[in-house]
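Student: Pasting the sequence and the predicted coordinates here, then a few questions.
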Amino acid sequence: MVVVVIVGILAAIAIPVYSSATRKAKLSEAKIILKQIRQCNELFYMNNGYYFGPAYDIGTTGCPEIGFDKPSGNPRFIYSIFINSPPTYVAFPKAVEDGGDAGIQGYEIQIDVNGYMKVIEPGDSDDRKAWGKGGIPGNPGQGGTNPGQGGG
């Protein structure tokens, strides 16, 4: 009986930690691919004098116009370029019925032209929260992500 209680307590601790770790890993996929898309579009801008876009779901097919190849495997996210002058790069999870993962539904990841990243969690209504703990974009000490300091 004591063993069952101990196993139950360990499971109650381990399952949320495991779920959090897998969610972070899945969100990392989107962060890495968005950074690649941004870098490709920056090179396009340097060569052509304007940004490519808008483009929707370039993770499924790639985007040869900017030199972005389709990621290997089956992406969990839909990757898009929104032209806001300058552009914003956005990833949001595929719907579950389209092969998406229920554990990451409601998240959205954005990178602006300067490389600042914003992760919007399900239920975020205050845009400041999206930068992380009420922080300021570009200030890692306040929860933001500064591309020059490898934040994340």
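Tutor: Looks like it arrived, so ask away. Residues are numbered from 1 along each chain as shown.
Student: Please name the nearest non-neighbouring residue to residue 110.
Tutor: In this structure, residue 110 finds its nearest non-sequential neighbour in residue 118, 4.6 Å apart by CB to CB, 6 or more residues apart in numbering. All C-beta spots, glycine's among them, are computed from the backbone N, C-alpha and C.
Student: Looks like that neighbour contacts residue 124 (just checking).
Tutor: No - with contact defined as CB atoms under 8 Å, residue 118 does not count as touching residue 124 (9.8 Å).
Student: For the two, indicate the residue with more neighbours.
Tutor: Of the pair residue 118 and residue 124, residue 118 is the one with more neighbours under other CB atoms under 10 Å, namely 20 against 15.
Student: Quick check: the gap between the more buried one and residue 88.
Tutor: Using CB to CB, to the nearest Å, we find residue 118 at a distance of 9 Å from residue 88.
Student: Need the residues touching each of those two.
Tutor: Jointly contacting residue 118 and residue 88 under the rule CB atoms under 8 Å, 6 or more residues apart in numbering are 110-112.
Student: quick one: average confidence on the longest helix along the chain?
Tutor: Using DSSP state H to define each element, the chain has its longest helix at helix 2-48. The predicted model assigns helix 2-48 a mean pLDDT of 89.
Student: following it, which helix or strand shows up next?
Tutor: On the C-terminal side of helix 2-48, the nearest following helix or strand under DSSP states H and E is helix 58-61.
Student: So what touches that following helix?
Tutor: Outside helix 58-61, the residues that touch it by CB under 8 Å, 6+ apart are 33, 37, 68, 70-71, 75, 77-81, 91.
Student: now for the helix or strand that it is followed by, which elements pack on it?
Tutor: Sequence order places strand 77-83 as the next helix or strand after helix 58-61, per DSSP H and E. Packing partners of strand 77-83 (3 or more CB pairs under 8 Å, 6 or more residues apart in numbering; DSSP states H and E): helix 2-48, helix 58-61, strand 87-93.
Student: at 10 Å instead, please
Tutor: When contacts are defined as 3 or more CB pairs under 10 Å, 6 or more residues apart in numbering; DSSP states H and E, strand 77-83 sits against helix 2-48, helix 58-61, strand 87-93, strand 108-112.
Student: Perfect, that will be all.
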